[in-house]
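Q: I'll drop the sequence and a predicted model, then ask my questions.
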Amino acid sequence: MASPDRIDLSNNAATTLEVDGTSYTAYRLSALTDAGIGHVDKLPYSIKVLLESCLRNADGRVVLEEHIRALANYDANDVGEQEIAFNPGRVVLQDFTGVPAVVDFAALRSAMSRLGGDVTKVNPLIRADLVIDHSVQVDSYGSSGAMALNTQREFERNRERYLFLKWGQSSLSNFSAVPPSTGIVHQVNLEYLAGCVLTKDGTLLPDSLVGTDSHTTMINGLGVVGWGVGGIEAEACMLGQPIYMLIPKVVGMKLTGRLPEGATATDLVLTVTQMLRKHGVVQKFVEFFGDGLGSLSLADRATIANMAPEYGATIGFFPVDDKTLDYLRLSGRDEHQVNVVEAYAKLQGLWRDERVATEYSSTIELDMATVQPSLSGPKRPQDRILLSDMKGTWGIALRDTFGRTEAGPELPTDYKGASFPMKDGLVTIAAITSCTNTSNPSVMVAAGLVAKKAADLGLKARPWVKTSLAPGSRVVTDYLERAGLDKALESLGFYTVGYGCTTCIGNSGPLSPPIAGAMAGASAIIMAISDSALAARVGPKISRATARRSRRRSMRRWWTTTWSSPRCCRATATSRAGSALTSRRTTWRHPRW
């Protein structure tokens, strides 16, 4: 197992781990303890992942022995300013920031061709997956044909980009592209791309990544270290360069108790965000521990991890435990992979063990039984408003945020056969979208149940409200249909408009001209309810935003005949409410096409 490309400390840590009769190489962290280096057993789990990367890649040139010793001797109270070279296991891209990276690889191949070299040697050096989810826009809504029309417009607008990405996935090794209308990048990562433990040339390593989206941290809920970076940093990793970073402080957040009835994971994460922003976690890692983790589903953990950018941390990490394994099985992972994850996590001390006294730079505690139903806003997603205080808060926001002492003028408007006044406080966009909530079955089912109750009472969306449902993956549609809740949502106008970020990233589409004109004429302060509480991002005419839990045959032919992936899959339904993505070397096909 010894390698001339590694220092002795690294070679001495190499060991063999056998799982289900298959032998793997692993770089054992406890070998450092055996050598009298550091106190690995007391390290935060996320620091152990950084340490394993340095131990496995130590070559004496880029990754140095001093990096290993600094991490192994991690002093939570005095981290210092030691820089290390961290090599993530893979890269995740979305189409906005991923296309330039593929363009650069095309340019490198072109240069190689001009020099008379072998262009097939120009490839990402680590695995890179691009998920197309940022391009669909809500042009059509409120009808069963909305998704087909939006998808058609998406293809019309992006045909050149998509053909180029199709070239990339068919030509480049170590690169795959997940096609449009599949899901949101972070849920696809959670349900399918992530492995918790990766295998490279027979060597096991903790799954880790950087992604070109701030909410890449959602994968931390699965016990995977990962965070958002810029496109240049991501591309550098694709070219084999490490992430140079200072060893971070790690804040431990202890969760106790369990959520009360009526409170959801969204209420919990808004509370966590408020507490951590007050505590101060910028440029720090956050790890969650405590007996309360046992009552949180994997989806709840992913919701909390997702909002790490909002509470200011680099990551919000949950270590691997039985809930992780349950989710891997639920989402269709191979049983051997599940066994590998368990065996490797226990070998490396990455398995959650509340008996171990992990050393953190600081700690903060939350009794989840105290969490109350909340909204975020009015301007920023990290601001929290108790649902019980919502009505009174409107008047305060009108004065403090918008500088008005009284409501503005009303403008009579006619639209969809109804007459109504456009005025301050009207909700013009109601969107169920984004990765924070649409990845969580309990929240999505709750939204469906609320819709069913509203439909039973004869309630309807007002004519000025633009309603949309953009699930995080096809799995969401499957379980809503199986529960009979899709029809309830549709009765209120929440038809599926596509599978992508839509409203959360500003792709809410234009408001109807009569509504937009009336808003401008009345200078109205208009609200939106979405998973993104950044008003300007939701829509250019939106003044205030709050977040609440709450196909054409020709296109089918074009898609299935032109897209394929080196690690391709077909989306199908399973008997469990988990991911339905199973590995196949076939063309991409959607279950409804």
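A: Received the coordinates, thanks.
Q: was I right about residue 112 contacting residue 106?
A: No: Residue 112 is beyond contact range of residue 106, at 10.7 Å (criterion: C-beta atoms under 8 Å). C-beta here means a position set from N, CA and C on the backbone, and glycine is covered the same way.
Q: what residues are up against residue 158?
A: In this structure, residue 158 makes contact with 135, 180, judged by C-beta atoms under 8 Å, 6 or more residues apart in numbering.
Q: for the stretch 201-350 of the chain, which segments count as strands?
A: Shown for the stretch 201-350 of the chain, the strands assigned by DSSP state E, counting those that start in this stretch span residues 203-206, 208-211, 225-228, 243-246, 250-256, 285-289, 315-317.
Q: tell me which of these sits most buried.
A: Of all these, strand 315-317 carries the top mean neighbour count, a mean of 29, counting by mean count of other C-beta atoms under 10 Å.
Q: who does that one pair up with?
A: Applying DSSP bridges to the sheet, strand 315-317 is found paired with strand 285-289 (parallel).
Q: which residues are contacting the partner strand?
A: For strand 285-289, using C-beta under 8 Å, 6+ apart, the contacting residues are 44-47, 248-255, 276, 301, 304, 308, 311, 313-319, 352, 354, 358, 360.
Q: and residue 18, how many residues sit next to it?
A: Neighbour count of residue 18, defined by other C-beta atoms under 10 Å: 9.
Q: so it: helix, strand or coil?
A: strand (DSSP: H, G, I helix; E, B strand; the rest coil).
Q: could you look up the SS state of residue 91?
A: At residue 91, secondary structure determined by three-state DSSP is strand.
Q: what's the pLDDT at it?
A: On pLDDT, residue 91 comes in at 98.
Q: for the one 3 residues further on, same thing?
A: Listed pLDDT for residue 94 reads 94.
Q: give me the mean pLDDT for stretch 23-40.
A: For stretch 23-40, mean pLDDT rounds to 96.
Q: chain center to it, what's the gap?
A: The chain centroid and the centroid of stretch 23-40 are separated by 32 Å under C-alpha atoms, centre = their mean, to the nearest Å.
Q: which residues does it contact?
A: 1, 9-10, 12-18, 41, 48, 51-52, 55-56, 68-69, 71-74, 199, 202-205, 340, 344, 347-349.
Q: mind checking which of these are buried?
A: Buried by 16 or more other C-beta atoms under 10 Å: 9-10, 12-14, 17, 48, 51-52, 55-56, 68-69, 71-72, 74, 199, 204-205, 340, 344, 347-349, out of the contacts of stretch 23-40.
Q: please flag which of these sit within helices.
A: 9-10, 12-13, 48, 51-52, 55-56, 68-69, 71-72, 340, 344, 347 (DSSP state H).
Q: pick the one among the residues you listed closest to residue 121.
A: Residue 121 lies nearest to residue 56 out of these, by C-beta to C-beta, at 24.4 Å.
Q: that closest one reaches residue 205, doesn't it?
A: Yes: with contact defined as C-beta under 8 Å, residue 56 counts as touching residue 205 (6.2 Å).
Q: tally of neighbours for residue 460?
A: Other residues lying near residue 460 total 11 when counted by other C-beta under 10 Å.
Q: buried sites along stretch 446-465?
A: Neighbour count says stretch 446-465 has 446-448, 450-452, 454-455, 461-465 buried, by 16+ other C-beta under 10 Å.
Q: kindly reformat the strands of the stretch 201-350 of the chain as CSV containing mean pLDDT and distance to residue 34.
A: Shown next, in CSV, are these (pLDDT from 0 to 100; distance: least, C-beta to C-beta, whole Å):
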stretch, mean pLDDT, distance to residue 34
strand 203-206, 98, 19
strand 208-211, 98, 24
strand 225-228, 98, 24
strand 243-246, 97, 27
strand 250-256, 98, 24
strand 285-289, 98, 25
strand 315-317, 98, 26
